[in-house]
Structures are given as structure tokens and as C-alpha cells.
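> Got a sequence here, can you build the structure:
(chains A and B)
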Number of protein chains: 2
Amino acid sequence: METYKISENKFNTDKLQKFESIACQGNGYMGVRNSLEEEYVHTHRNTFINGVFDAPHEEVTELAALPDVTNFELYINSERFDMLTGTVNKYERSLNMKNGESVRRVTRTGENGIKVTYVFSRLASQTHRHIVAERVQIICDSDAQIRVVTGIDGKMTNSGAQHFGPAELRSYSDRRIGLYAKTLQSQVDVGVQSVLKSSEDNKYSVKTDRRGVFSCMQLSVNKGEPVVFEKISAYATSRDLGFSENDSVEEKCKKYLYDAVQLGYDGLLKLSAEAWNNFWETNTITIASDNKFYQKAVNFALYHLHIMANCEDNRLGIGAKALSGEGYKGHSFWDTEIFILPYYIYTEPQTARKLLEYRYSLLEKSREKAKKYGFNGAMYPWEAAWSDDGETCPLSGGMDLETGKSIEIHASEKEVHINADIAYAVWHYYIATGDKDFMEKYGCEMILSIAEFWLSRVEERNGRYEILDVIGPDEYKDGIDNNAYTNYMAYFNFCLAQEIIQNISDEYRKEFEKKIDINGLEICLPQVMDKMYLPEPDENGIIPQFDGFRDLKDVDYSLYKNKEKVGMIFDDYSFEEINKMRVCKQADLVMLFYTLRNQFDNETVKRNFEYYENCTLHDSSLSLCIHSLMASRLNMLDTAFKLFHKCCEVDLGDNTDNSDSGIHSASIGGIWLAVVMGFGGVKAENDALTVEPVLPDGINSYSLPIIYRGSKYRLTVSADEADMERLSGEQQTIILNRNNITGLRNK
Amino acid sequence: METYKISENKFNTDKLQKFESIACQGNGYMGVRNSLEEEYVHTHRNTFINGVFDAPHEEVTELAALPDVTNFELYINSERFDMLTGTVNKYERSLNMKNGESVRRVTRTGENGIKVTYVFSRLASQTHRHIVAERVQIICDSDAQIRVVTGIDGKMTNSGAQHFGPAELRSYSDRRIGLYAKTLQSQVDVGVQSVLKSSEDNKYSVKTDRRGVFSCMQLSVNKGEPVVFEKISAYATSRDLGFSENDSVEEKCKKYLYDAVQLGYDGLLKLSAEAWNNFWETNTITIASDNKFYQKAVNFALYHLHIMANCEDNRLGIGAKALSGEGYKGHSFWDTEIFILPYYIYTEPQTARKLLEYRYSLLEKSREKAKKYGFNGAMYPWEAAWSDDGETCPLSGGMDLETGKSIEIHASEKEVHINADIAYAVWHYYIATGDKDFMEKYGCEMILSIAEFWLSRVEERNGRYEILDVIGPDEYKDGIDNNAYTNYMAYFNFCLAQEIIQNISDEYRKEFEKKIDINGLEICLPQVMDKMYLPEPDENGIIPQFDGFRDLKDVDYSLYKNKEKVGMIFDDYSFEEINKMRVCKQADLVMLFYTLRNQFDNETVKRNFEYYENCTLHDSSLSLCIHSLMASRLNMLDTAFKLFHKCCEVDLGDNTDNSDSGIHSASIGGIWLAVVMGFGGVKAENDALTVEPVLPDGINSYSLPIIYRGSKYRLTVSADEADMERLSGEQQTIILNRNNITGLRNK
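Reported below is the predicted structural model:
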């Protein structure tokens, strides 16, 4: 197994979409699904640009499917190329994550008897982030006529939702073609230009359809002589960073394309591969194992983590499917802060800051949302897109198969833990980076504003402050009271707020008072914190996930757990029925041990982990990684490793269609979590980085990079060694606890 | 060749769309493209309901692609059925125009080794016009598991243009599923319900996606035992005739579906086939020829003419592609009045009246349009959809391949002959039917209103009234002066108006004066008519198509005429260059001889026919039929027959893709014209029906039905006989001239 390659050597149309997602190419600015050049029924061709959101009629905003440049129609003596007809003698395809290039080699004997070898290559440039470059090499075993039709297709929709008005189509004298269109609601100008070249003389023409412009090339080739087509395409939008009123997307495209065409495919590949090489040199995590799948999974995670965020732009979050598919509409959830951000905090802290600045940009809309629901402070959107959009969570979706009616979605109102998650992430970023500047400019205001929200959200009942009618992380439960995760996290938010207020300078206090009732916080925080209800372990040592959880009806978990598909419980029960059953979709109480581990003794954590893992179906991709991480922390290494394996399989397993609508970005962040914070036991505490590595059977050794407070380290762990090597920066306080490494313990 | 069957026995994905169009099923209420059940890349699945128009953002209104019910996913032991994989042992497919049913038989050996025979059947009911019924029979050569997924897919767009807001999805306890959505601009409620049944016990479930709801069935079959799936679907819209505010599309669908499900597929087929049988019994045209292609072509024409108009509804026109495809957006052009209406006038006169009443409903918007351009009276839209929409011709489209910019479309402003065409059609309807009631209620007002327009449109120049800056029927010329067709037809309109005014009763005059300046007409008509410029033959006997036509630059017609594709001249010249070349897209001056034949002597007609046919590329499907008809009238029978053959090939020829976006409804009307008015020489004159049959070589005999002033006749023509038999109604004045039948002449 080549650990840097996502590959397949059997063509299977059922797996087209999964490959498109997991081998998606991109650079943070854009994402290009790895669709084959020729069209198939189950292809889901998509290119997205980070931040180009648009709301279709009466629907929530979503990443708009952009005009496509990846489709090629190829004809050999007028027979159209595809791999379902004729005889495919050879097929192999892979994305090389090492250099970001995808290559497909096909030898096919057509129905016309001509045997042709095709090599298709494609990249999304790391150095020219507006550019997609494609190359097709063709060798025929006899003289033949070749025709190529490829261009810019603006007929793309998001499952039938149209995002662009009429397209302006252009053909230029230098054989560039262009398509320009504006998103319907958000009014973003999008431009695409392409140029197609061939290595041999050709007859060139242009054709158009309702929303597309295409270059057509016809040429003759001699037997055995290769002909190469190169297509370079540039995207530009009026939402691009630095795009000003005087700019035009047409001019921008022209410029981007000019620079790229000078380099050609090979030049672009060289530069892009160098950039990738630099990334891998710095950020490689090695996992030595007899099974190379784990090294591949970690490479896969790093590859996607690197391309899913726009490191230059603080106006953008990370979607639940990143830029790899339509799923979840490109919206940012708590996934970013809790599952993905840790990677950036410890690897690309400057990008982590950008992502939190994006959350800061949502403050105004979050304050509006709080007002709308009758609360104070900032109530963050459960789903976020462009910051002006505010809450983008739909109010209903899908259909309850039992009742036959559409399901109400209460997440925007009730899944309030996201507020505490964001405050937690701000703190996590701060203690790991020491970035005071961020805290002063953004972080403190966020924590205080969210604390204001919680103060208005808690309710005094039974002589204590409770949080009622919420959805916790476990989304199989709607409208529950005192979700332990939510209550503890809100309390933690109060602690952070209190610390800030206690240490705030007069100058900042004055500044913040323009937006935040600091006096109110100062008075109320101690009162509420004093009587805040934080569920304790019951007589069996079990902390109830929420009020009444343990009284819920049992179900046979084996019927729905570890099955081919997730969510199979819905085949038998309606949502309302599941709401009353003692079954969890995903980590909920266990999340609490991940975020606030120090507040619980090991015995409590272990007992609750076992209790809750048992009744958790892992029907969300946010579940396995956290359970693996926690199992590592509990030194339950076999369990940790087994769950890690399953977590790696979320996107890379044999399951055919679960990644069709995009990769699972939280689960990908989760692979990193399970390795670095799980096996590596890396965690920033208030004044030190604790590192408590473990080494499960099945992994011989591993090494991973960590940036802590600006200093770069590499943790190396094997049965013989557990070491933190400082690579650059000043020495920081690192507490390396080797006690759990078997080999070392015996030393 | 079975003359009632559109069939193929070789599966070719390149021909999918053509078959979908030419074998389209429908009933005037709806049109269902004949797409295969399983999906292919080049499938263009579409269902349209007549009158359900919607204007996408910044684009003109169009027939909206409706939620689809024709798609079936079939799995045999989890292998998906399609005809590109596995081995297809047998394939045949046909639409039986005799009973309206399409049937496909496929035997395929799957990659899993199981040999399966499939029989797919489908119909759009003639008696239950809201119903589409489908049946799939499957026989496996070993025991197998079958899974079927089929439902209602609302993700359809018109080439990327979205017409429906979010869909409401429903699943009912009686296994019905439903989808409800509203068009975005026109706010039409559309509902679709389906029910799927199988002949054997099944495991049933429902799944949904963003805009779709699907029934899933799983069952086991034994070797050799057939299993049958029946799916019946009902469409209803808030634009349906008789739909009131208190109605709901959901309830309507339920009712339609209930009635249809009682009948089942077989019952529906029986009733529908009976209705078709009645149609054929009355309306058959027989063409005895050694080549059965002509009989088939005529059957094809009658089939489509019968399903393209909603005979019950006077709010609807006929689109240039009828209800068979997206092309021309479902808009009505002059095609209806000049090419299609004659069929209805002489075959289904009550439908002809409905179609003209539709034109009457456009009067208000036409008056508005006239005002907008500074004219009086009614200036009809060049393209018409729902009558409230007024002019629906886009102002630009496509791209000039030479300049690389989009082409301005001036038809709405300049292609004014449509006004005279409509007045002409009113007169034609009247003289053929004698329907005074229609004239009094609608026809006279239309003719007078259009005459008012012409009076304001003509310009005094050179001591005469000219019509400047128009586009004639020949659309390769834009902005020409004194197009002979336009001038003569406008003059004819004046004559009709004058006759009406001269004979108008005081009562009607008073009524009309509310909307029309009758006095003005009375004064101006004689003045303008007196000095109206009607181009005369020049010294060579050629009437100039427009001012300066004969001075235009020549071109080698052979390069572009009778080629594989039409419009090839655009590969070499820009539109502006073609505008200056002596080349015609289609019949223009020759149109004049078709509409106003009596005004020209035979010698002039012949000379001009030959002159203009020579420089006409027939790049429009409106061209061949009229040329064939005229050649018959000139007794140039070989030419007439050759052109008729080509006209039949417009949709039925081997050309792969020219019907992809729908059948050519004018050309289909043209097949009828070439036979009935060309060969048959049938034409209503002011006070009689003249019938001047010819019999070209290649046709042994023919017979055709004609309704004239309420009486039914059948014209029978062979080398030995030419007879008009009266089948019903009173005897009318028929002038049968047998002189041109060779055999008879010698009798």
C-alpha cells in the first residue's frame, strides 16, 4: 500500500462519488471533487470556492456549485470515450497526496477496434490558488482522428437548486473562453476562464449552450505518437480577499490565467509539488505499523486538513464536508472548534487564529440571534456560512419515515452547547499559543459575550441553576434538561469569563463595556456559578447524560451498532420513539471527558466511558475519534486502537456511499485527535504542555510534530523511546509522562 | 417496417435523446419524454404540463421541467441494471402510435451471471390525462433478490434553471408518496403522487433526498417466475382547467390516482388504446407506397399533432417543440398559425378554435406591446407562453462565434409578420369552418386590432407606404426593408379589415369601438391600401425578397445545403456577414405563394420558386414542407416528392441529434401540409373548397380526411381515381380538379 496514495484499480461506478470526495483536490481557496473527465450517471462533479455562499429560494444558504471545468468529451474516430463501453484493458487511478496530483491511466480498445492509452492528470495549484490544471495524453495504436470538447459548464446546481443567473459567455481571440455569472441571492460575481492547448496542430472551434462555453479541437494522430491536451482554468470571484469595487472577475481571471499558462501544466505541477513537499517535510506524522493503512489514514487526514481551510482569510470557516461536497451545505458547525481546530492550534496556529477570527466576525449576528430568542449576549448560529448570513440552520429537513411528514429541526434554538464550545476553543487556542494579542482583540470579547448568553439562558429551579430544553451533542435526544456536557461547558465558560474580568485592565474594561454588560457579569457570575447544577455521578458512578437518561427504555444495541450503514435505527423507529430510548447517536457525556478531563477522576471517567460507549451507536462521524481518544487516555489501548481503526474507515473504509456528499471533516480532524491527543496524549494545560503517550499494540512507533507557544517539537514514541525533541523556538514547559509506554516502564 | 411504430433494436446512447423526443408520449395536458427507466449520461428526462410556465431569474419564461416519475433503479442481487454493463442478449424498443404504449424488451446477462428478461411498458393516458402508468416485468433465470427504487424526483431543472422552490415530501399509509412544490416566479402549485405495487410480496420502504421521495421494494423471485411492478403517477397543478381556490393539488392527485389505481395498468391501457383507436379510425391518412416510410411519417405526424394541443383548454398554444423537450422553451411562434393550425382547421376544428381563442387572450398584452414600441392596435408577441407573460422572446442568446460575444435577438421588435400571420389564420379558420360565432366574439376584433398596428407601422416614403426595418420569415436577414412576404400579408390583413368594417353591424361596431378606432381604420385603410408598396416581379420576373436582395453577394450554396447538420454556414461567417449574402435560411418569398397563391400567376410562382429554392439552405425546419407543397402546386412532382422525403426526415431521419431538444412541431404540421395541401391540393377559398390533387411517382395512392364547414369528407387519390367522398354533414361546395392526375387525365 502506498501510504500517500488514494487509489483504485477497478472501475466501479458505484464508487465514483466516494472517490470524488476522498480524493478531492484543493488549496483552501477552492475544492475540486475528483470526478473523472468523462461523464457517468453517478458522477457528482463539483467545484466550490470557500465563502461563495448563496441562498436558493426559501432555503438556507449553501456553498454554490460553481461552473465546472473538469469535464472532457473525447472522441476517437467519433467514438466517445468512456469506460463502460469497449474493452478496458488497463485501469489505474490515484491521487498522490505527496504532490497533490491525480493521475489516471486507462488502456481501452474501442468498439471501433482502436486501442488507446490515456493518461489523465489534474491538480489544484498550491501556489496559484485560482488555477485548476488538467492534462490528457492520448496514444492510439493506429492512425486516428481525435476530437476533444471541453470548456466551462455553468449548468451545475446543488441538487436542483440554481445559484447563478444567466451566464455571460465569451470567446477570445487567444482561444481563451470565459463564463461570468452572478449568484442570485448573495450577488457574488464569479468568473471562469479556460484555455485548451494541444501538442499537435488542431482545428479549433467554440460551441455554446444555455449556460456553457466549450472549446472543440479536432486533430489527426499517427499510430503510436502521443498527443497531449492541456487545459488550464482560472476562477475569480468578487468575494476574493482583496477584490475591490474597481476589479472585474474577467480581468482577474485573465491575469491568473496568463501567469498560469506561462508555466504550463508541468510548471504548475512543479511549484505545487514543492509547496506540498514543504508541507509534508514540516508536518509529517509517522505511524510505523505492520498495517500501512494507519500511515495512509494519517496522511489522508493531514492532506485534507491542509486543504480545507483558507489560511489567508479570516472570513471563512470550515464546512462539515469542507470543500469536498454538497453535504451540510458548506456550513460550519461545532465540528470546527472541537474536532478540527486542535490540529490547527498545534500545527498551523496562524490558521487557527484566522478560524477563530471568523467566529469573532459572527458576533454581531450572534447577538442578534440571542435577542431574537429573548437572551442576552451572543448566541452563536448552530450552522454558519458567510458571517452576514447569521444562523443558517434549516428549520426542517428530510422526512420522518414513520409519520410521512418532514422533520422539524430544533438545532438552531436548542443545540446551544456550540456557544460553550466556541468559548472553550478560544481558551484552548490561547493556552496552547499564548497569543495575548488575539485574546485582547477578539477572544475575551467572545468569551464574555457568550457568558452573557449563558447567564440569561440558565433558569433557577429546585434551588439551583439549570439549563433546560436543549439538544446535547447526542442528536438522538431533543428537548432534554441539564445535559451534562452543556451544563459543565457553560460553567467552564463562566470560569473563563470570571478570570478575564478579574484580570481585565481598566482600558479594556471600558472598551468592552460598549458591547458587554461587564458590571452585570461581575455581579451575576458568582451567584450563578455558586448554584450552577453540574450533574454528579449517581450511586452507580454514572453521570446522567441528562435528567432522566437512565430511566429511558432499553433497546438491543447490537441491532444497530457496527452495521453497514449508520442510522439504521430509523428503519424501525420514528425520531420521537428514539427520543425516549436509552441510545446515543454519538459521544455526549464522553465529550465532557475530552474537553474537561481534569475535572473528573479516572474511575468516574472509566466507568462512564464503558457505560456510554455501550449504548452509543456511533451513528455520527463525530463519535469514534473521541471514544478512541478517551480509551487511550484510560489506557484501554485495544479499545482505543479498534476505535481508531474504525475512525480511519469513516472515509477510507470499504463502505460504498457514506462519503458521497463529501469527506467527514470532523472525523478527519478526529484522526488527528486520536493520534496526537489520544495516543500522543498531548494537551495544553494552563501553564504547560502535558504529553502522556501510549503505544497500542498494532503500532510499533510514531512521531508527530507539535507547535506549542511558538516552539516546534517532535514527539517520537516507540516501545523503547518517548521523546519530545525541540526543533525550533524557545524551550517551553513540557511535562512528558512516559509511564504508560510498556517498553519504557520496564527500563 | 411497421408504420405505427417508432422503434429501435440497437441500443445507442448517442440516440437516447432523439428517441425521447420523437417517441414522446402525451395527451395535450402533459408530455412525457420517452426516457429509459434506468439513467444514462445522455438521457434528458422530462415531463411538461401544458401551460406550466415559469420565468427563471432574469430569463424569459419557459415550460418548467416537472418532477420526474419515469426513473427506475433496478437491482438484481444488488447489481444495478443498465445496458452498458453486463451482456445485452436482446434489445428492442418501440412506441406503438396505434395505442400510445411504449414497450421495451431487454434480455441481459448481468456481471453476476444471472440472465434476466425485462419488459418495460409505459403510457400517458388519453382518458385519464393526469396519469402516467408504468409497468416493469422481470424474469430471472435463477432465484434472485430484486430491489426497485422509484419515486418522484423534483431535482429536475431546465438546463440548470430552477423552477421550483423547496419540495414538500410525503409518504402516506396506503403506500402513496407525494411531492408538492410551487414554481418560483409564476407561483403555480404542482403536485405529483405515485404508488408502486408488485405482483409478489415485498419489503417496502420510503427514502427521500433534498427534492425527491422514493418507494423502495425488495423481494425474492424464483427462477423463471415473472414478477411485475406497476407504478401509477398522477400530476395536478393549480393552473389546471377548472382548478379553483378551494382545491388543493394534493387532493386532486389523490383523486386522480385513486381512479387510476382502480383500473390498474391494464385497465388504463385498454381505455387509452380505445381512445387512440377512435382517433385513428377517423383521422387516418393512408399513403400507399413501395416505401412504407411515408405512411410511417404521416402516422408520426398525426400522432404528434394529436398530442401536442390541449383540445379542452383555450389558454394554451403549441410550442415549437410542443411538449416534447426544452427547446424554444415551450413558446408559441407563427409556427402554430401557419404550419400547424391547418391540420386542426381541417381535422379537429374545435381545437383550432381553442388555439385561436388563445391568441385572442393575448390581445391585451399585444396592445401593451404595440404601445411600448410607439404603435397602435395589437402587436403580437413573437414568442408567447402564458397569456399574462406577453412577449417572451429573449433579447439576446447564444454567442457569435466570430466576435465571441452574445447575439442580440431583434425578433420581438422586427419579426412583425407574425401579426399578419395571425390575422391570416383567423381568416383561414373562418373560411374553412364558417364559424361566424368565433368571428364575432374574437376573430374580427383580432383582425381589426392587428390592422391598426399595421397602419401605424407602415411609413410613407417614395410616395408609397413601405414597411421598413423588419425580419421576414428568412431569419438570416435582420433589419431589411419591404420584405415582400410581410408587405403582402399586411396588405391582406388590410383587405380583411376593410371587409369586416364594410359588413359590420352597428351593434358590433359600437362594441368594437371600445377597443378599436374603427373610424380611423375606415378613413386610413383605403388611403394606405391605395399606396401600399407590394413588390412586383423585376425584369427577370423575380420578386425581390426585400429591397436590394438581388444585389447581395453570392455564395457557393453547395457548401452548406443538404449537409449533415444545419447552420454550418456559421462555421465560416458571422451573422453580420451572412446578413449581406444572397442566401436564405428558409422559405420566405415562397411562403407568400403558399398563403396568397391566387394573387400570382403560375409563371411568376414557378420562376420565383426555382430562383429562391436554389439559394435557400433549408436551415430551418419550416422550409422543406412549404417548398414541397409549392412544388406540388407547380406540378413539379419529383421535386415535391424529394422535398417531402426530406421533410419527413427532419425528425425521422438518421441524423443523430437534431431532435434532441424536442420534435419539430412546425415540420410535423408541415408533413400534413405537404400531403394534404401539397399532394391533395386541398384549400379553402372564399366560397368553396378547392381540391387539386397530384400523384407523385413513389406514391401509388393516398386517402385523407377533410372536415370542411362541418362536413366530413375523405379524399381518395390513385392513378385511377380521385374522389371526395362525403362521410357526414351537409354537402358543401367542393371543386375537385383532377387534371393533374396522370392516369385520370387519360381517361
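> Any stretches of chain A with poor pLDDT?
Scanning chain A with the threshold set as pLDDT under 70 gives A:401-402, A:745-747.
> With adjacent residues omitted, what lies nearest to the residue in the stretch 451-600 of chain A that chain B sits nearest to?
Closest contact between the stretch 451-600 of chain A and chain B, by Cβ to the nearest Cβ, is at A:Asp571 (6.9 Å). The way it works is simple: take the backbone N, C-alpha and C, and place the C-beta from them, glycine included. Spatially, and ignoring its direct neighbours in sequence, A:Asp571 is nearest to B:Ser205 (6.9 Å; Cβ to Cβ, 6 or more residues apart in numbering or on different chains).
> for the one you found, helix, strand, or coil?
Under DSSP: H, G, I helix; E, B strand; the rest coil, the three-state class of B:Ser205 is strand.
> Count the residues that sit near it.
Neighbourhood size, B:Ser205 [other Cβ atoms under 10 Å in any protein chain shown]: 14.
> so it sits right up against B:Cys216, yeah?
Yes. Contact criterion Cβ atoms under 8 Å: B:Ser205 and B:Cys216 qualify, at 4.7 Å.
> The closest residue in space to A:Phe279 that isn't next to it in sequence: helix or strand, and which one exactly?
Leaving aside its sequence neighbours, A:Phe279 sits nearest to A:His306 (Cβ to Cβ, 6+ apart; 5.8 Å). Per DSSP states H and E: A:His306 is located in helix A:293-308.
> so is A:Met379 in a helix, a strand, or just coil?
coil.
> how many neighbours does it have?
30.
> Check the one 3 residues further on too.
Using other Cβ under 10 Å, A:Trp382 has 25 other residues around it.
> Now it. Its backbone dihedrals?
phi -70, psi -40 (degrees, to the nearest 10).
> That one and A:Glu391 touch, don't they?
Yes. Under the criterion of Cβ under 8 Å, A:Trp382 makes contact with A:Glu391 at 6.8 Å.
> quick one on the thing from earlier: after the helix holding A:His306, next one along is what?
helix A:335.
> Distance check, the most centrally placed residue in chain A against A:Phe48.
Chain A has A:Ser665 as the residue nearest its centroid, 2.8 Å off, counting by Cα atoms, centre = their mean. Going from A:Ser665 to A:Phe48 by Cβ to Cβ, to the nearest Å gives 13 Å.
> Likewise for A:Glu134?
Remark: distance between A:Glu134 and A:Phe48 (Cβ to Cβ) = 17 Å.
> These two - which one has more neighbours?
A:Phe48 (28 against 23).
> And the helix ranked longest in chain A, what's buried?
The helix spanning the most residues in chain A, taking DSSP state H as the definition, is helix A:249-283. Going by neighbour count (16 or more other Cβ atoms under 10 Å in any protein chain shown), the buried part of helix A:249-283 is A:249-250, A:252-254, A:256-257, A:259-261, A:263, A:265, A:268-269, A:272-273, A:275-276, A:279-280, A:283.
> Stretch A:571-582 now?
Per 16+ other Cβ under 10 Å, stretch A:571-582 contains these buried residues: A:Tyr573, A:Phe575, A:Ile578, A:Met581, A:Arg582.
> Need the residues that contact that stretch.
A:400-403, A:407, A:476-479, A:549-550, A:552-555, A:559, A:569-570, A:615, B:205 (Cβ atoms under 8 Å, 6 or more residues apart in numbering or on different chains).
> sorry, back to before: the longest helix of chain A - contacts with which helices or strands?
Here helix A:249-283 touches strand A:101-109, strand A:115-124, strand A:131-140, strand A:176-182, strand A:189-198, strand A:227-237, helix A:293-308, going by 3 or more Cβ pairs under 8 Å, 6 or more residues apart in numbering or on different chains; DSSP states H and E.
> Burial check on the residue nearest to A:Phe279, number of neighbours?
Other residues lying near A:His306 total 25 when counted by other Cβ under 10 Å.
> who touches the nearest residue to A:Leu302 once chain neighbours are set aside in this structure?
Excluding the flanking residues, the one nearest A:Leu302 by Cβ to Cβ, 6+ apart is A:Asn283, at 5.9 Å. For A:Asn283, the contact set (Cβ under 8 Å, 6+ apart) comprises A:Leu302, A:His306, A:Thr347, A:Pro705.
> run the last query once more with 10 Å
For A:Asn283, the contact set (Cβ atoms under 10 Å, 6 or more residues apart in numbering or on different chains) comprises A:Leu302, A:Leu305, A:His306, A:Tyr343, A:Thr347, A:Glu348, A:Leu704, A:Pro705, A:Ile707.
> again with A:Asp153
For A:Asp153, the contact set (Cβ under 10 Å, 6+ apart) comprises A:45, A:66-71, A:167, A:179, A:192, A:209, A:211-214, B:160.
> interface residues of the stretch 551-700 of chain A facing chain B?
Proximity of the stretch 551-700 of chain A to chain B, by Cβ under 10 Å from any Cβ of the partner chain, involves residues A:Asp571, A:Ser661.
> Any figure for the gap between the nearest residue to A:Ser701 once chain neighbours are set aside and B:Val426?
Among residues not flanking A:Ser701 along the chain, A:Ser718 sits closest, at 3.3 Å (Cβ to Cβ, 6+ apart). A:Ser718 is 94 Å from B:Val426, where distance means Cβ to Cβ.
> okay, the two: which has more neighbours?
Per other Cβ under 10 Å, whichever of A:Ser718 and B:Val426 has more neighbours is B:Val426, with 26 against 18.
> Excluding covalently adjacent residues, which one is nearest to that one?
Among residues not flanking B:Val426 along the chain, B:Gly443 sits closest, at 4.4 Å (Cβ to Cβ, 6+ apart).
> Unless I misread the structure, that neighbour falls within a strand.
No. Counting by three-state DSSP, B:Gly443 is not part of a strand but helix.
> ok, it - contacts?
Residues in contact with B:Gly443, defined by Cβ under 10 Å, 6+ apart, are B:353, B:356-357, B:359-360, B:423, B:425-427, B:429-430, B:435-437, B:496, B:500.
> which of the residues you listed are buried?
Among the contacts of B:Gly443, the ones that count as buried (16+ other Cβ under 10 Å) are B:353, B:356-357, B:359-360, B:423, B:425-427, B:429-430, B:435, B:496, B:500.
> how about the residue in the stretch 401-550 of chain A that chain B sits nearest to, secondary structure?
Nearest to chain B in the stretch 401-550 of chain A, going by Cβ to the nearest Cβ, is A:Gly404, at a distance of 3.7 Å. State at A:Gly404, reduced to three classes by three-state DSSP: coil.
> Can you get me a residue count around A:Leu468?
16.
> Distance of A:Lys321 relative to chain B?
Here the criterion is Cβ to the nearest Cβ, to the nearest Å. By it, A:Lys321 lies 14 Å from chain B.
> wait, doesn't A:Leu169 sit right on B:Ser406?
Yes. The pair A:Leu169 / B:Ser406 is scored as a contact, 6.5 Å apart, by Cβ atoms under 10 Å.
> So which of the two has more stuff around it?
A:Leu169 (26 against 18).
> Doesn't that one belong to a strand?
Yes. Counting by three-state DSSP, A:Leu169 falls inside a strand.
> need the contact list for it.
Applying Cβ under 10 Å, 6+ apart to A:Leu169 gives the contacts A:151-152, A:154, A:177-181, A:206, A:208-214, B:398-399, B:404-406.
> Just the buried ones out of the residues you listed, please.
A:151-152, A:154, A:177-181, A:206, A:208-214, B:398-399, B:404, B:406.
> for stretch A:120-140, the distance to its chain's centre please.
Centre-to-centre, stretch A:120-140 and its host chain are 24 Å apart (Cα atoms, centre = their mean, to the nearest Å).
> What is the end-to-end distance of it?
15 Å (Cα to Cα, to the nearest Å).
> That stretch vs chain B: in contact?
No. Shown here: stretch A:120-140 not in contact with chain B (Cβ under 10 Å from any Cβ), separated by at least 17.4 Å.
> now A:Tyr29, nearest residue through space, not along the chain?
The nearest residue in space to A:Tyr29 (Cβ to Cβ, 6+ apart) is A:Arg129, at 4.0 Å.
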